[in-house]
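Novice: Test case, fold it:
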Amino acid sequence: MDPQLILAQAQDALWARRVFGDPIQADGVTMVPVAAVAGGGGGGTRDKDGGAGFGVRAVPAGVFVIHNGEVKWRPAVNVNRAILGGQMVGATALLVLGAVALGWLSHTSAAKPAP
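Specialist: Numbers count the residues shown, from 1 in each chain. Presented below is the predicted three-dimensional model:
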């Protein structure tokens, strides 16, 4: 595949419409969806063979809400990420509390006088 063609397609992929979607209008409110877009690519040649590649990733970031001339930002909430974060905090708390409990039990059993 022609590296110049791939680079031209990459340039077409990274434009404002990828970040700001088409405005949506309903009941006197205009919403403009926004995404976080990242891309990367590379290419090279070796003798007569050449190659190139490019990738784009878009993740919803939120929406601008326009109502009565006032603009407000409403971020997108990634529920999966929030749940994963809660699970990580819970697992860390269990590990820490387990280690503290084991230390406390070993300390109290060592402090008991022998009969």
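Novice: Now for the closest residue to Ala76 other than its chain neighbours, how many residues are close by?
Specialist: The shortest distance from Ala76 to any non-neighbouring residue, by Cβ to Cβ, 6 or more residues apart in numbering, is to Pro60 (4.3 Å). Backbone N, C-alpha and C define where each C-beta goes, glycine included. Using other Cβ atoms under 10 Å, Pro60 has 14 neighbouring residues.
Novice: which stretches of the protein form helices?
Specialist: 3-13, 16-19, 79-111 (DSSP state H).
Novice: Ala36 is nearest to which of those?
Specialist: Between Ala36 and the helices of the chain, the tightest spacing by Cβ to Cβ is seen for helix 16-19, at 7.8 Å.
Novice: Identify the bridge partners of the residue nearest the centre of the chain.
Specialist: Nearest to the mean C-alpha position of the chain, counting by Cα atoms, centre = their mean, stands Val59 at 6.8 Å. Per DSSP bridges, the residues bridged to Val59 are Ala36.
Novice: That one reaches Ala36, doesn't it?
Specialist: Yes: with contact defined as Cβ atoms under 8 Å, Val59 counts as touching Ala36 (5.0 Å).
Novice: Give me the below-cutoff pLDDT ranges for the protein.
Specialist: Along the chain, segments meeting pLDDT under 70 span 1-3, 7, 11-18, 109-115.
Novice: rerun at 90
Specialist: In the predicted model, the chain carries pLDDT under 90 at residues 1-22, 35-60, 76-82, 84-86, 98-115.
Novice: Tell me how it divides into domains.
Specialist: Using automatic domain parsing, the domains assigned to the chain come out as 1-76, 78-115.
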